[in-house]
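K.L.:
Quick one: sequence plus predicted model below, questions after.
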Amino acid sequence: MTSKVSVALPLLVLAAALSGCATVKGWFADIKKENIQPPTPLTEFAPAVNVQKLWEERVGKGADATGVRMAPAFADGKLYAIGSDGTIAALDAANGHTLWSKHLGQRRGWILHRGKNSVRFAGGPTVDGNLLVAGTIQGEVEAFDAGSGAERWHAQVSSEVIAPPAIADGIVVVRTNDGRLYGFDANDGSRKWVYDRSTVPALSLRGNGTPRIVEGVVYAGEDNGRVIALRLTDGNLLWEQVLSPGEGRTEIERLQDSDGGLVVDNGVVYASAYRGLVAALIAQSGRPLWTHNLSGYTGVALAPTQVYAIDADSVLWALDLRTGSSDWKNESLKYRWLSGASSMGEYLVVGDLDGYVHWLAASDGKLAARARLSKDAIQAAPLVVGDVAYVEDIDGRIGAYRLGK
């Protein structure tokens, strides 16, 4: 199994590298304590739109100290969420009421630590039809009945799973932290293939993007700065494209991850890389349609005419969907270590290190509204379903917000 050191981006600002799973709370506390590149103070503004908080609920301990960008999944009016303490639950998306909830950890001889559940969910959840799948820090893939929470199957992989799996055409695709991609039969969890040709650098950012499956092809970003396309049925490589060359004198300077969220739409793959590019790639061949020099770590989000990206200083950018040229940028949230952004109609929505949720106008990037979920960091991009944004902080609090006049 490949070994690597994972670091959080805020620690790179402090020029410190931590091995494995350092605490997220510690990252942000260090920034405030050291006062190195402190978060830009929030300024008052006249809201252009009202924010209605529909409900708030908590599922387990959320990402807690894992450093994982953890967000809920939506299907058929239900919200599914996991916690690093072994909690998995289904909520009514309309009101936040718990439909079912369970804890895992004692059924396969796991040793309890200080009386706590030993299974530590980290990757997911992902739901497809009646199948609910999540991965764990211990390197397992767990599948459940989405309606009842009953366990269906589990599978062992080579390393921790900190990205949501992808499901399509009867195959579950899982990305592990040592750079492998696995394909499992969705019915029984039997392994169909494994892709293990990725070269994982000795030093990498903490986090992996969700693989995307479109028309029988798996698209994924890798820690070596590449985007790859695999055939879903057998895991064979179709193409790869470099977004970050990984150049520099030190391991930190050579960081090159392409592991934020990527988007596949209308035959084009939109992706980004740390110390690299935002790019639009032809899905069939990987050939670039356009590239834009921008070092990002949260991936990209798509709107009808724009691509949204957040750079390494937490500056928000809107790029033209056709050309990649810059439409606007907003520096008012600089160094607030933003979550990924999500498109929400005429706005985009993003969370920050202090638990604030910000809405910006898609037309010009100006701040349009703000709400606060908690005092804890929001790492994952908000989940937007229709006119509602579901936001989760690292302590497992989930808030549902709607914009109104």
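P.N.:
Sure thing, it's come through.

K.L.:
going forward, measure contacts between C-alpha atoms and count neighbours the same way
P.N.:
Will do.

K.L.:
helices and strands of this structure: which one bottoms out on pLDDT?
P.N.:
Among the helices and strands of the chain, helix 24-34 carries the lowest confidence by mean pLDDT, DSSP states H and E, at a mean of 43.

K.L.:
what about stretch 165-174, how long is it end to end?
P.N.:
Chord length of stretch 165-174, first to last residue, is 5 Å (Cα to Cα, to the nearest Å).

K.L.:
and what of stretch 335-347?
P.N.:
Start-to-end, stretch 335-347 (Cα to Cα) is 21 Å.

K.L.:
Buried residues, that stretch. List them.
P.N.:
Buried residues in stretch 335-347, counted by 16 or more other Cα atoms under 10 Å: Y335, R336, W337, L338, S339, G340, A341, S342, S343, M344, Y347.

K.L.:
Would you map the strands across the stretch 51-200 of the chain?
P.N.:
73-75, 78-82, 87-92, 98-103, 121-128, 131-136, 140-145, 151-156, 166-168, 171-175, 181-185, 191-195 (DSSP state E, counting those that start in this stretch).

K.L.:
Out of these, which is closest to S374?
P.N.:
strand 78-82 (17.8 Å; Cα to Cα).

K.L.:
Partner strands of the closest one and their direction?
P.N.:
The strands that strand 78-82 pairs with in its sheet are strand 73-75 (antiparallel), strand 87-92 (antiparallel) (by DSSP bridges).

K.L.:
Tell me the bridge partners for E151.
P.N.:
F144.

K.L.:
correction: G351
P.N.:
Assigned bridge partners for G351, using DSSP bridges, are V357.

K.L.:
Could you tell me how far it is located from P165?
P.N.:
23 Å.

K.L.:
and if you look at F121?
P.N.:
12 Å.

K.L.:
where does the stretch 201-350 of the chain dip in pLDDT?
P.N.:
201-208, 244-260, 275-276 (pLDDT under 70).

K.L.:
hmm, 90 instead?
P.N.:
Along the stretch 201-350 of the chain, the parts satisfying pLDDT under 90 run over 201-210, 221-226, 242-261, 272-277, 294-299, 312.

K.L.:
Help me confirm that A341 comes into contact with Q379.
P.N.:
No: using Cα atoms under 8 Å, A341 is not in contact with Q379, being 10.4 Å away.

K.L.:
what's the overlap in contacts for the two?
P.N.:
Residues touching both A341 and Q379 (Cα atoms under 8 Å, 6 or more residues apart in numbering) are G351.
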